[in-house]
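Asker: pasting a predicted model and its sequence here:
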Amino acid sequence: MVVGGCVGTTDRDEFNEIIQERGGGVTADLPVEAVAAVADELGVDDFEMRQMTVSPPNQLAVIEVRDPAIPANLDTYTVRRGSVESVEPVRLSATENLDTTTFLASTVALDRLDEMADVAVGGFDPEGYVTAIVVSGGGETPTIRLSLESPRASGTATFTSAGDLVEVVRS
């Protein structure tokens, strides 16, 4: 008979509490590593993306990437903890213009997300935390939006692609 167990394990509710105390577990590592993994997969130093959604609690990033080899194509890359899990094609309409909706990954200050999370939570609620990050917007003006939660409210913090706060809105 084999008996297994873990000493010192943390249950899911306790784990989520610990993560929330740290702003939802937001670090720049997750999106920066996701971008590096996609670039490595593509064999390029930089690439165009239409949107990036990051879920800190799940250590997951989903990125819509313009194919550098065939710029008319867009693919969704799912990256967990720095490793590409899957690549799926995105069906585009004949009228979609990727030139106006994509931007270079290098133009977004993903390395400043720790700082942005601190600013966002500070302007929202000291008991708040980040539940998701979405980078989107066309051409030269992508924005970074942090979804915020607290025991009493939800909200959104919007930043420029350089990481400068635009606004924090409670909903």
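Answerer: Received it, and whenever you're ready, just let me know what you need.
Asker: L98 and E64, how far apart?
Answerer: Counting by Cβ to Cβ, to the nearest Å, the separation of L98 from E64 is 10 Å. The C-beta positions use only the backbone N, C-alpha and C, and glycine is treated the same way.
Asker: need the residues touching each of these two.
Answerer: Residues within reach of L98 and of E64 at once, by Cβ atoms under 8 Å, 6 or more residues apart in numbering, are R50, L74.
Asker: more neighbours: which of these two?
Answerer: Set L98 next to E64 and count neighbours by other Cβ atoms under 10 Å: E64 wins out with 20 against 17.
Asker: most centrally placed residue in this structure?
Answerer: V54 (2.5 Å; Cα atoms, centre = their mean).
Asker: SS state for it?
Answerer: When classified by DSSP: H, G, I helix; E, B strand; the rest coil, V54 comes out as strand.
Asker: would you mind listing the buried residues in the helix ranked longest in the chain?
Answerer: Longest helix in the chain by number of residues (criterion: DSSP state H): helix 29-42. Buried residues in helix 29-42, counted by 16 or more other Cβ atoms under 10 Å: L30, P31, V32, E33, A34, V35, A37, V38, A39, E41, L42.
Asker: columns pLDDT on top of those residues, output as CSV?
Answerer: Compiled in CSV, the buried residues of helix 29-42 are given as follows (pLDDT from 0 to 100):
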residue, pLDDT
L30, 92
P31, 95
V32, 96
E33, 96
A34, 97
V35, 97
A37, 97
V38, 98
A39, 97
E41, 96
L42, 97
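Asker: show me which of these is closest to R145.
Answerer: For those, the closest approach to R145 (Cβ to Cβ) belongs to P31, at 13.1 Å.
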